[in-house]
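Engineer: quick one: sequence plus predicted model below, questions after.
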Amino acid sequence: MIAHNSGVPELNPDPPKTLKEAEEEFSRFLLGQNYPEAICWLKPGDVVASAGPHYWVRKRGGQAEEDAALRYAKGVDRNLGILLEAVCATEAETFASVLIPQSDEDARYHLMGPVLKLSCP
């Protein structure tokens with residue numbers, strides 16, 4: 001007897017075309033993982049870990065959001081995959097970054113394909 005996968009949602013291999021569209025999916029994912037659904041985008045170097053489970057975060061507001069949208073668009077163009085990753089959170093917002101592989105080899109190293117990956121610690 002062959003089992004039917006009618007309960008499994010159809011997977012869409014293509015990531016959303018814009019960061020705004022991907023944010024909706026990421027926010028739902030975060031909420032399901034008990035993270036705040038409000039997202040504050042980070043640029044590389046905006047987080048420093050200190051002793052214990054403490055992080056120092058530099059909030060850049062609109063500048064970081066523009067940078068994240070540009071990185072996301074670059075990831076869509078490269079078609080190597082995109083990772084939206086929660087780094088840390090407060091009670092009100094999740095601090096996250098956009099990671100795109102630099103090459104096919106980098107994509108394999110991060111176990112990424114041409115899809116949108118969502119992650120949180």
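Structural biologist: Now that the structure is in, tell me what you want to look at.

Engineer: output the below-cut-off pLDDT ranges for the protein.
Structural biologist: 1-13 (pLDDT under 70).

Engineer: quick check: longest helix of it.
Structural biologist: Determined from DSSP state H, the single longest helix within the chain is helix 62-78.

Engineer: in that helix, what counts as buried?
Structural biologist: By 16 or more other Cβ atoms under 10 Å, the buried positions in helix 62-78 come out as Ala64, Glu65, Asp67, Ala68, Ala69, Arg71, Tyr72, Ala73, Gly75, Val76, Arg78. The C-beta positions use only the backbone N, C-alpha and C, and glycine is treated the same way.

Engineer: OK, contacts around the fourth one?
Structural biologist: By Cβ atoms under 8 Å, 6 or more residues apart in numbering, the contact list for Ala68 reads Leu19, Trp41, Leu42, Lys43, Ser97, Val98.

Engineer: in strands only, show me the residues you listed.
Structural biologist: Among the contacts of Ala68, the members falling in strands are Trp41, Ser97, Val98 (criterion: DSSP state E).

Engineer: kind regards, and thank you for your time.
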